[in-house]
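K.L.:
here's a sequence, model it:
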Amino acid sequence: MRFLAVLLAALLAGVFAEVFFQEKFDDAEGWKSRWVVSDHKKEEGTAGTWAVTPGKYYVDAATESGLTTTEDARFYAISSKIAKEFSTQGKTLVLQFSVKHDQGIDCGGGYIKILPAGVDQTKFNGDSPYNIMFGPDICGATRRVHAIFNHAGTNKLVKKDVPCETDKQTHVYTLTVNGADLTYSIMVDGEKRQSGTLESGWDFLAPREIPDASVTKPADWVDEAMIADPEDVKPEGYDAIPAKIADPDASKPDDWDEELDGKWEAPTIANPEYKGPWVAKKIPNPAYKGKWEQPKIANPDFKEDATIGQYGSNAFVGFELWQVKAGSVFDNILITDDAELAATEATEILKRKEGEKAKIEEGDAAAAEKARADIAKDLEPEAPAAGDKDEL
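P.N.:
Residues are numbered from 1 along each chain as shown. Prediction:
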């Protein structure tokens, strides 16, 4: 009976699984009717231009084309309306997409956002409200996967760093939020990088416990783990050892004149016998009680909230980025409640990585050869101009 119940639940989950949004940019120009480029920064001349391309290195242009940043040192903002606004309250949300930084990104964002209803797509920018921001961010020492939730008007960043990929290949990023049990997972290329409860992963809520301010460390509490050995005695004559001594290898110069130069004294050098100020050796403190910790009590400000990480209105998806070096390719966007579908899609995307890697290696080798040829050409002596003659 239990087996039948589990099977029925699985079948029902499959029947009612939903795909809220999916974009593969697999039509020539159709994407332009589905995506709205923001006017933000256009008047300042710092808004970047989007295009759909397969990037620099690819095997099959048709399947590998994606939304691409095309201009260096630009702001990018673009969004698409989700056909049917949906809620994630008490449900599973899977947000997945792929990104390829085959330009060799050095500083730029690679994250996606889910936005609530009411966003003006033509004015979409970094100050526009969003529900979730997810994906890689690379700039200098920053090389992490952002997973940010908006909670009560404040953006909450995941507490533990999640490393992102920094090579030129396509990588698939997947965020799963389970509204039923308030858990999450972050995956890169189908491998789990972090998981746990939403409460422990983000500072959504006040802490359940706080230090008891009415309790202080006892005056007789011993928290020194090591003490000076009272039986250790300084060796006799220890302080008589000088830090400097006359250099035994030095000799008075032959031309030294004591009447003119004064009495000659050998220069000093560090005394190899000198051991510095004497300090008694340390031993474990027999009275040590351990590190004192203030006891905790229930936090009166803590309140349960079964809605953390969930949103009643999810209406748009978008990219809002700054990139120093453009060329990132975003593709295979999927928003669903079906984790198995997302896993299947990720597997299909990653099948092309070996061919893609070979293309990148070929391209990098060709670029390196060209660079060597250019250097060699620059080092070649200039040929004399026609008609030039040596002066007699």
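K.L.:
contact partners for the residue nearest to Ile269 when sequence neighbours are not counted?
P.N.:
Among residues not flanking Ile269 along the chain, Asp247 sits closest, at 4.7 Å (CB to CB, 6 or more residues apart in numbering). For the C-beta atoms, the positions are set from N, CA and C on the backbone; glycine is no exception. Going by CB atoms under 8 Å, 6 or more residues apart in numbering, Asp247 touches 266-269.
K.L.:
again, 6 Å this time
P.N.:
266-267, 269 (CB atoms under 6 Å, 6 or more residues apart in numbering).
K.L.:
and what of Lys91?
P.N.:
Applying CB under 6 Å, 6+ apart, the residues near Lys91 are 179, 337.
K.L.:
how about Leu205?
P.N.:
Contacts of Leu205 by CB under 6 Å, 6+ apart: none found.
K.L.:
now it: how far from Gln89?
P.N.:
Distance of Leu205 to Gln89, computed by CB to CB, to the nearest Å: 17 Å.
K.L.:
next one: Ile132
P.N.:
From Ile132 to Gln89 the distance is 14 Å (CB to CB).
K.L.:
neighbour count: the two, which is higher?
P.N.:
Neighbour tally, Ile132 and Gln89, criterion other CB atoms under 10 Å: the higher count belongs to Ile132, 24 against 12.
K.L.:
so for stretch 273-293, mean pLDDT?
P.N.:
Average pLDDT, stretch 273-293: 93.
K.L.:
start to end distance for that stretch?
P.N.:
Stretch 273-293 stretches 45 Å from its first residue to its last (CA to CA, to the nearest Å).
K.L.:
pull the distance from stretch 75-85 to the chain's centre.
P.N.:
Distance, stretch centre to chain centre, for stretch 75-85: 24 Å (CA atoms, centre = their mean, to the nearest Å).
K.L.:
got the CA coordinates for that stretch in PDB?
P.N.:
Extracted as PDB, the C-alpha positions of stretch 75-85 are listed here (Å, rounded to 0.1, in the frame of the first residue of the first chain):
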ATOM      1  CA  PHE A  75      26.000  48.400 -18.400                       C
ATOM      2  CA  TYR A  76      23.500  45.800 -19.600                       C
ATOM      3  CA  ALA A  77      19.900  45.500 -18.600                       C
ATOM      4  CA  ILE A  78      17.300  43.300 -20.400                       C
ATOM      5  CA  SER A  79      14.200  41.400 -19.300                       C
ATOM      6  CA  SER A  80      11.400  39.200 -20.500                       C
ATOM      7  CA  LYS A  81       7.900  38.800 -19.300                       C
ATOM      8  CA  ILE A  82       6.900  35.400 -17.800                       C
ATOM      9  CA  ALA A  83       3.800  34.400 -19.700                       C
ATOM     10  CA  LYS A  84       1.800  33.600 -16.500                       C
ATOM     11  CA  GLU A  85       2.700  35.300 -13.300                       C
END
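K.L.:
mind listing what's buried in it?
P.N.:
75-82 (16 or more other CB atoms under 10 Å).
K.L.:
just flag the most distant two among those residues.
P.N.:
Maximum pairwise distance in the buried residues of stretch 75-85, criterion CB to CB, is 23.4 Å, between Phe75 and Ile82.
K.L.:
so the nearest residue to Ala83 once chain neighbours are set aside bridges to which residues?
P.N.:
Spatially, and ignoring its direct neighbours in sequence, Ala83 is nearest to Phe21 (7.4 Å; CB to CB, 6+ apart). Beta bridges link Phe21 to Ile335 when assigned by DSSP bridges.
K.L.:
residues in contact with Phe21?
P.N.:
Taking CB under 6 Å, 6+ apart, one finds 82, 317, 335 in contact with Phe21.
K.L.:
the strands in the stretch 251-392 of the chain, which residues?
P.N.:
Taking DSSP state E, counting those that start in this stretch, the strands of the stretch 251-392 of the chain run over residues 268-270, 282-284, 296-298, 314-323, 329-336.
K.L.:
redo those as CSV? Include distance to Glu43 and mean neighbour count.
P.N.:
Listed next are the strands of the stretch 251-392 of the chain as CSV, based on distance: least, CB to CB, whole Å; neighbours: other CB atoms under 10 Å:
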stretch, distance to Glu43, mean neighbour count
strand 268-270, 69, 12
strand 282-284, 68, 12
strand 296-298, 54, 12
strand 314-323, 17, 23
strand 329-336, 25, 23
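K.L.:
ok, which of those comes nearest Tyr173?
P.N.:
strand 329-336 (10.2 Å).
K.L.:
state the phi and psi torsions of the residue nearest to Ile269.
P.N.:
Backbone torsions of Asp247, given as degrees, to the nearest 10, read phi -70, psi 110.
K.L.:
roughly how far apart are it and Glu362?
P.N.:
Distance from Asp247 to Glu362, by CB to CB: 65 Å.
K.L.:
Asp189 reaches Thr174, doesn't it?
P.N.:
No: using CB atoms under 6 Å, Asp189 makes no contact with Thr174, being 8.9 Å away.
K.L.:
of the two, which one has the most company?
P.N.:
Using other CB under 10 Å as the criterion, Asp189 and Thr174 rank with Thr174 on top: 25 against 18.
K.L.:
if I look at the residue lying closest to Ile148 once chain neighbours are set aside, how far off is Asp337?
P.N.:
What sits nearest to Ile148 in space, not counting adjacent residues and going by CB to CB, 6+ apart, is Met133, at 4.3 Å. Distance of Met133 to Asp337, given as CB to CB: 20 Å.
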